[in-house]
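Trainee: I would like the atomic coordinates for the input below:
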Amino acid sequence: MKNVYKIVVLFILLAGTACKKNDVKKPPVTPPPEDTTTTNPEIPNNAKDGVTFVDNGTAAIFNLYAPGKVSVSVIGDFNNWSTTATPMTRTTDGTRWWVKITGLDPNTEYAYQYYINGSLRVADPYTEKILDPDNDRYIPATVYPGLKAYPTGKTSAIVSVMQANQPGYTWKVNNFTRPAKKDLVVYELLIRDFIADHSYKTLIDTLDYISRLGVNAIELMPVSEFEGNESWGYNNSFFFAPDKYYGTKNDLKAFIDACHQRGIAVIMDIVLNHAFGSSPMARMYWDNSANKPSSTNPWFNVDAKHPANVGSDFNHESAATKYFAKNVMTHWLKEYKIDGYRFDLSKGFTQKYSSPEDYNSWGQYDAGRVAIWKDYYAHLKSIDPNAYVILEHFGGMQEEKELADLGMTFWANISHNFQEANMGWLNDSNLQWMLYPSHTFTRSDNMISYAESHDEERIQFKTKTYGNQDGYNVRVLANALKRGAMDAAFLMSAPGPKMIWQFGELGYDISIDQNGRTGNKPILWNYQGVPERRALYNAYAKYIKMKLKNPVFSTTDFTGNLGGAVKTLTLKSPDVDVIVVGNYDVKPQSATVTFTKTGSWRDYVDGSNRNITTTLTNITLQPGEYHIYSSAPLQ
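Mentor: Numbering: from 1, shown residues only. Got it, this is the predicted structure:
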């Protein structure tokens, strides 16, 4: 997330995880020191990481990867939290600990932890549900009904939860056809700041509004368990567990299913660059005196390798980390039927050291990082060949192009340029960067461009606060929002996937820094009742429909002249040509626009016709005036 990433986490509220399948090779590690613990090479073949239920759910095999530990026991409701009742067996290679427990009720939820080396209590890294003694009390029963009580007085710290016969979910859509990557129009949202009760159940109720907008994908900001409740989600700690602050796992499945019923894909913003302090993988190997991961930690670097790191920095060249990360990626694709990932801070998957302020070196070509991403991409394609893989990379062109040529898609941030254009400040308003050849990419689906994201200041806030008033006043709401519609016209006309940030279609104008950068923001559904804002929504819906219904907006034959006050974008196809033209100045401007042919051209904006008698046509545009001319009617 560029330099701002470090700022983001300074505001994160620190507070104070799955019984899942995997099918990748277990990583080798150094054997532990000698002790008297019983060893047994015969860990059951069907024992997956975490908990595997057997014997119709009346028994469970616990399997923990914990190389170098001297003793491990499993403690929980089933043995009254006794630290001596259920010792685990260490495998002869020293990497894993396991035990089988019998006498379980398949219909009962059991809380449990691992008790390590006679002092440390940690939850299961593979758990799909946790209980948090500090934060669960703030989760309403309307969001998560019947939440199991924390075992107060019996243990401490976060505990994991297991149950053989969990409430099932019956999928209504089992063969969802995903939108083509080149046609993606993604709606990015943070559940907490989108609906007041922050629940998947209510989020489903907003899908009619989102569907009418015309988007065909929703990108959820991180929903795996993160520290505290009030968060953007990037301070993650348990990678297989949906955060309970948004509802149950079946509520999440129901939301994804409801999206698929409407033809909307669901993309998960996933955080695998780092983990925060409550992660059991950090706590199991922690140097308390230095307050950072110890040198024996199988997953994390002792010190971060890049300047934008927060939390503990994963070492993605470690076999243990590769194994874990691949299991996380597999989990959400299979269990929740998500359609792909947006990988947060993908440039951070590096073992090439850059000093804390050296962002330039960090962005240079890194063969090791390229190898890591090629490996992860191959794994993802082996699990789900059609899954979206979107990287928040912001790296050098050579590196991004090499990965893009394999099929990965990159975030393309045009926020600053759109902000400047919308405000009427033209010196830094070039929108050429939203055209994929500017990145040396060869296909439009190599990048997803956006004017706003969760991580950028809101365009309309900047316009109403800092907009140019030397001419007509862009700070006037009607003027600012009409310019926002012009933004939408240019953005949606440019070939390739697009993304919009929640409520951007209504001209959300609250600063990203209100109540702290990652703090709660006002949820302003009442914006729909403001005519000028509703007009902006309608413009977005109209241009999204235009983009998806007309093949010309996927053409490879296009040119842009997007650097001046009057910006133009020309698209050609066998059936129809399109010219987008708009004046971002605060004063009237005349420009010579090159039409591809003479004759009658239809304006998609207002439905009028314009007769073109010469291909070089002089047009005078008022401030904020724009047109989408087509040589034949568009759908």
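
Trainee: show me what contacts the residue nearest to residue 194 when sequence neighbours are not counted?
Mentor: Spatial nearest neighbour of residue 194, chain neighbours left out: residue 502 (5.4 Å); criterion: Cβ to Cβ, 6 or more residues apart in numbering. Heads up, the C-betas are built off the backbone N, CA and C, glycines and all. Taking Cβ atoms under 8 Å, 6 or more residues apart in numbering, we find residue 502 in contact with 187, 188, 189, 190, 193, 194, 508.

Trainee: after the biggest helix by length in the chain, which helix or strand is next?
Mentor: The single longest helix within the chain, with elements called by DSSP state H, is helix 531-549. As assigned by DSSP states H and E, the chain's next helix or strand after helix 531-549 is strand 557-561.

Trainee: restricting to C-alpha, output that following strand in PDB.
Mentor: Presented in PDB, the C-alpha positions along strand 557-561 are these (Å, rounded to 0.1, in the frame of the first residue of the first chain):
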ATOM      1  CA  ASP A 557      -7.500  -0.700 -30.700                       C
ATOM      2  CA  PHE A 558      -7.600   2.500 -28.600                       C
ATOM      3  CA  THR A 559      -5.600   5.700 -27.900                       C
ATOM      4  CA  GLY A 560      -5.800   8.200 -25.200                       C
ATOM      5  CA  ASN A 561      -4.900  11.900 -24.900                       C
END
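
Trainee: give me the sheet partners of that strand and which way each runs.
Mentor: For strand 557-561, the paired strands and their directions (DSSP bridges) are strand 566-572 (antiparallel).

Trainee: from the chain's centroid, how far away is the strand it pairs with?
Mentor: 31 Å (Cα atoms, centre = their mean, to the nearest Å).

Trainee: and the contacts of residue 502, which is closest to residue 111?
Mentor: residue 190 (29.5 Å; Cβ to Cβ).

Trainee: I'd like to know how many residues surround that closest one.
Mentor: 21 (other Cβ atoms under 10 Å).

Trainee: which ones are touching it?
Mentor: Contacts of residue 190 (Cβ under 8 Å, 6+ apart): 221, 232, 233, 454, 502.

Trainee: now the second one, nearest residue through space, not along the chain?
Mentor: To tie it back to what came earlier, the one meant is residue 232. Nearest residue to residue 232, sequence neighbours excluded (Cβ to Cβ, 6+ apart): residue 518, at 4.7 Å.

Trainee: how would you label that neighbour: helix, strand or coil?
Mentor: Classification of residue 518 by DSSP: H, G, I helix; E, B strand; the rest coil places it in coil.

Trainee: gap between it and residue 411?
Mentor: To residue 411, residue 518 is 19 Å away according to Cβ to Cβ, to the nearest Å.

Trainee: quick one: which of these two has more around it?
Mentor: residue 518 (25 against 20).

Trainee: ok, back up a step: list of residues touching the longest helix of the chain?
Mentor: Contacts of helix 531-549 (Cβ under 8 Å, 6+ apart): 183, 185, 212-216, 477-478, 481, 484-485, 488-489, 491-493, 498, 500, 505-507, 527-528, 553, 604, 628, 634-635.

Trainee: please save the CA atoms from it in PDB.
Mentor: What follows is helix 531-549, C-alpha atoms only, in PDB (Å, rounded to 0.1, in the frame of the first residue of the first chain):
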ATOM      1  CA  PRO A 531     -30.800  14.300  -6.100                       C
ATOM      2  CA  GLU A 532     -27.300  15.200  -7.100                       C
ATOM      3  CA  ARG A 533     -25.900  12.100  -5.400                       C
ATOM      4  CA  ARG A 534     -28.500   9.900  -6.900                       C
ATOM      5  CA  ALA A 535     -27.600  11.300 -10.300                       C
ATOM      6  CA  LEU A 536     -24.000  10.200  -9.700                       C
ATOM      7  CA  TYR A 537     -25.200   6.700  -8.800                       C
ATOM      8  CA  ASN A 538     -27.300   6.600 -12.000                       C
ATOM      9  CA  ALA A 539     -24.300   7.700 -14.000                       C
ATOM     10  CA  TYR A 540     -22.100   5.000 -12.600                       C
ATOM     11  CA  ALA A 541     -24.800   2.400 -13.200                       C
ATOM     12  CA  LYS A 542     -25.200   3.700 -16.800                       C
ATOM     13  CA  TYR A 543     -21.500   3.600 -17.600                       C
ATOM     14  CA  ILE A 544     -21.000   0.200 -16.000                       C
ATOM     15  CA  LYS A 545     -23.800  -1.200 -18.100                       C
ATOM     16  CA  MET A 546     -22.300   0.500 -21.200                       C
ATOM     17  CA  LYS A 547     -18.900  -1.100 -20.500                       C
ATOM     18  CA  LEU A 548     -20.300  -4.600 -20.000                       C
ATOM     19  CA  LYS A 549     -22.900  -4.600 -22.800                       C
END
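
Trainee: what's the offset of the helix or strand where residue 282 lies from the middle of its chain?
Mentor: Under the criterion of DSSP H and E, residue 282 resides in helix 280-283. Relative to its chain's centre, helix 280-283 lies at 23 Å (Cα atoms, centre = their mean).

Trainee: I'd like the next helix or strand past it.
Mentor: strand 286-287.

Trainee: parallel or antiparallel, which strands does that next one pair with?
Mentor: strand 292-293 (antiparallel).

Trainee: and of the contacts of residue 502, the nearest to residue 113?
Mentor: Using Cβ to Cβ, these come closest to residue 113 at residue 190, 30.9 Å.

Trainee: which one (most neighbours) among the contacts of residue 190?
Mentor: residue 233 (26 neighbours).

Trainee: spit out the contact partners of that one.
Mentor: 190, 221, 222, 223, 224, 226, 243, 269, 271.

Trainee: residue contacts, the third one?
Mentor: It stands for residue 222. 232, 233, 234, 236, 268, 269, 270, 271, 344.

Trainee: got it, and residue 163?
Mentor: Counting by Cβ under 8 Å, 6+ apart, residue 163 touches 106, 107, 108, 109, 110.

Trainee: still on that earlier bit, the residue nearest to residue 194 and residue 186, how far apart?
Mentor: 11 Å.

Trainee: now residue 301
Mentor: 32 Å.

Trainee: and for residue 90?
Mentor: For residue 90, the distance to residue 186 - Cβ to Cβ - is 47 Å.

Trainee: circling back to that earlier point, helices and strands around the helix holding residue 282, which ones?
Mentor: strand 120-122 (3 or more Cβ pairs under 8 Å, 6 or more residues apart in numbering; DSSP states H and E).

Trainee: off-centre distance for the following helix or strand past the strand it packs on?
Mentor: Counting by DSSP H and E, the element after strand 120-122 in chain order, helix or strand, is strand 130-131. Mean-position distance between strand 130-131 and its chain equals 23 Å (Cα atoms, centre = their mean).

Trainee: for strand 130-131, which strands pair with it and how are they oriented?
Mentor: strand 159-162 (antiparallel).

Trainee: got the contact list for the partner strand?
Mentor: Here strand 159-162 makes contact (Cβ under 8 Å, 6+ apart) with 17, 19, 51, 53, 60, 76, 109-113, 123-124, 127-131, 148, 150-151.

Trainee: in strands, which of the contacts of helix 531-549 fall?
Mentor: 185, 498, 500, 628 (DSSP state E).

Trainee: can you name the two of these that sit furthest apart?
Mentor: Maximum distance among the ones in strands among the contacts of helix 531-549 (Cβ to Cβ): 17.8 Å, for 500 and 628.
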